[in-house]
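S.K.: quick one: sequence and predicted model below, then my questions.
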There are 2 protein chains.
Amino acid sequence: MAVRNRSNPLALAVLICLSERPMHPYEVATTLRQRQKHESVRLNYGSLYAVVASLEKRGLIVPQATKRAGRLPERTVYRLTDAGLIEAHDWLTDLISTPVKDFTSFEAALSFLPALPPEAVVDLLRERALRLEAELVQAAALQELVTQQRLPRLFWVEEEFRTVLREAELDYVRRLAREIEGGTLEGLDWWAEIHRTGAEPVWEPPPLAAGAEAAADA
Amino acid sequence: MAVRNRSNPLALAVLICLSERPMHPYEVATTLRQRQKHESVRLNYGSLYAVVASLEKRGLIVPQATKRAGRLPERTVYRLTDAGLIEAHDWLTDLISTPVKDFTSFEAALSFLPALPPEAVVDLLRERALRLEAELVQAAALQELVTQQRLPRLFWVEEEFRTVLREAELDYVRRLAREIEGGTLEGLDWWAEIHRTGAEPVWEPPPLAAGAEAAADA
DNA sequence: TCTCGGGTACTCTGAATAGAGTACTCATCG
DNA sequence: CGATGAGTACTCTATTCAGAGTACCCGAGA
């Protein structure tokens, strides 16, 4: 209970949903799902209710009424406070204007590349490329479906952005595979050697002052 | 204590470090720092020791010796087991071959765009573009420094990838700003209208079946 | 009528984390 | 020679979170 201020973007999603009209948490969740926002913001109930409690504690939202339909669990409807609206705008402003470092899993993977033999890596990169292509095809299909439903692009920009990133990744993955295979990746000789000798697995060499012209620091 | 199997890539980093030679956790941390891997894998002590404990429990690493230097705290040196090496390779294989959905904060921001007025968003996007450019300049400087130190590209691919993604993002940010400013973004009319009327802030319209030709579902 | 799946609306629990704190050493500088 | 600051090597704690679980309702089909 209680969220590190501005850590979880789900809190922002809640604030913005409530800026439309008062809702109870479950309704927020279904709204986000309907609008496909759960593709961009991690959403699960455990976090949702924690986030809502924290927003209430910070005075950004207040409970408005709790209704009971039949013997279903109580629904607590929340509404946004003025402070909440301001916080939402500030937060969003900040999120748009200032890039933050996200840790992606492929970046992690890339930083451990030398742990596998180069030929294996080429195959794996090719596999990744195939999967990325498949994802792009799927995304395009979805795109089409959505335009047919006449939902303007404005409400779909995050998906567009995802596609742009995926295309850039695909490009890079292909290029890297080609460079390893073609032997043009600097460091490949050492890399292949390590795995050929079947030596104890080494991940990275000492900063490696080059072969031909050494010591040029004077 | 105990890590959801394969959730935290830091565990992979530990396995791969130990595949080089036995180390104690703190040494793993400094090694990762030296090699700049903490730019790609989230690293902090709290997680490090938890992750190490979990790897031990899973039999992927074993304590080899605990030495004490002076009255400094004990250092427990761990080494990789055979199972650990296999797990490292499997995990890495998987990470390279299979894309996973990462939730980035800019994607979240984009999905809430309509909550701010369009002119404000244009300014914020321009600001972001400037910052991205600055980051790219910095990255290029670092790149140069590293090549001068003759560290082969192989050990730097993750940084290269980050640059590729940043460039793609910059492109997209600029394009989006232009399209909003130029009025060519579909949905802009509605967006501007909402914020002009100063109506209660609304984030998204009902799926909006277009103006001219409606109902085409028969 | 029974029951089965699917939807509503949360609640609980056990991990997993981030980041600060601890407790010591060693080099340096006035 | 004492203070200061950087470095070593963890440990602790308060959150935070993911996912499963609970308890109910409703409609359709056998």
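M.R.: Great, that's in hand.

S.K.: so which elements touch the helix or strand bottoming out on mean pLDDT in chain A?
M.R.: Scoring the helices and strands of chain A by mean pLDDT, DSSP states H and E places strand A:61-67 at the bottom, with a mean of 83. Here strand A:61-67 touches helix A:9-20, helix A:45-57, strand A:75-80, going by 3 or more CB pairs under 8 Å, 6 or more residues apart in numbering or on different chains; DSSP states H and E. Every residue, glycine included, has its C-beta placed from N, CA and C.

S.K.: now what about the shortest one, what contacts it?
M.R.: Under the contact criterion CB atoms under 8 Å, 6 or more residues apart in numbering or on different chains, strand A:75-80 has outside partners A:15, A:18-19, A:22-27, A:52, A:55-56, A:60-69, A:88.

S.K.: what about the helix or strand containing A:His89, average pLDDT?
M.R.: Using DSSP states H and E, A:His89 maps to helix A:82-97. For helix A:82-97, the mean pLDDT works out to 95.

S.K.: that one packs against which elements?
M.R.: When contacts are defined as 3+ CB pairs under 8 Å, 6+ apart, helix A:82-97 packs onto helix A:9-20, helix B:105-110, helix B:118-148.

S.K.: so which of the ones you listed is the most surrounded?
M.R.: Comparing those by mean neighbour count (mean count of other CB atoms under 10 Å in any protein chain shown), helix A:9-20 ranks first with a mean of 25.

S.K.: wait, A:His23 sits on A:Cys17?
M.R.: Careful, residue A:23 is Met and not His. Yes: here A:Met23 lies in contact with A:Cys17, judged by CB atoms under 8 Å, at a distance of 6.2 Å.

S.K.: now the common contact residues for the two.
M.R.: A:Thr31.

S.K.: buried residues, stretch A:47-61. List them.
M.R.: A:Leu48, A:Ala50, A:Val51, A:Val52, A:Ser54, A:Leu55, A:Glu56, A:Arg58, A:Leu60, A:Ile61 (16 or more other CB atoms under 10 Å in any protein chain shown).

S.K.: pull the most distant pair out of those residues.
M.R.: Pairwise distances across these peak at 15.9 Å for A:Leu48 and A:Arg58 (criterion: CB to CB).

S.K.: how near is the spatially closest residue to A:Gln143 that is not a sequence neighbour to A:Ala140?
M.R.: For A:Gln143, ignoring the flanking residues on the chain, the nearest one in space by CB to CB, 6 or more residues apart in numbering or on different chains is A:Glu159 at 7.1 Å. Distance, A:Glu159 to A:Ala140, by CB to CB, to the nearest Å: 10 Å.

S.K.: report whether the least confident helix or strand of chain A contacts DNA strand D.
M.R.: No: counting by CB under 7 Å from any atom of the strand, DNA strand D is not contacted by strand A:61-67; separation bottoms out at 13.4 Å.

S.K.: that strand pairs with which strands?
M.R.: Applying DSSP bridges, strand A:61-67 is found paired with strand A:75-80 (antiparallel).

S.K.: next, the angle from the partner strand to helix A:45-57.
M.R.: Here strand A:75-80 points in a direction 50 degrees away from that of helix A:45-57 (axes from the mean of the first three to the mean of the last three CA atoms, to 10 degrees).
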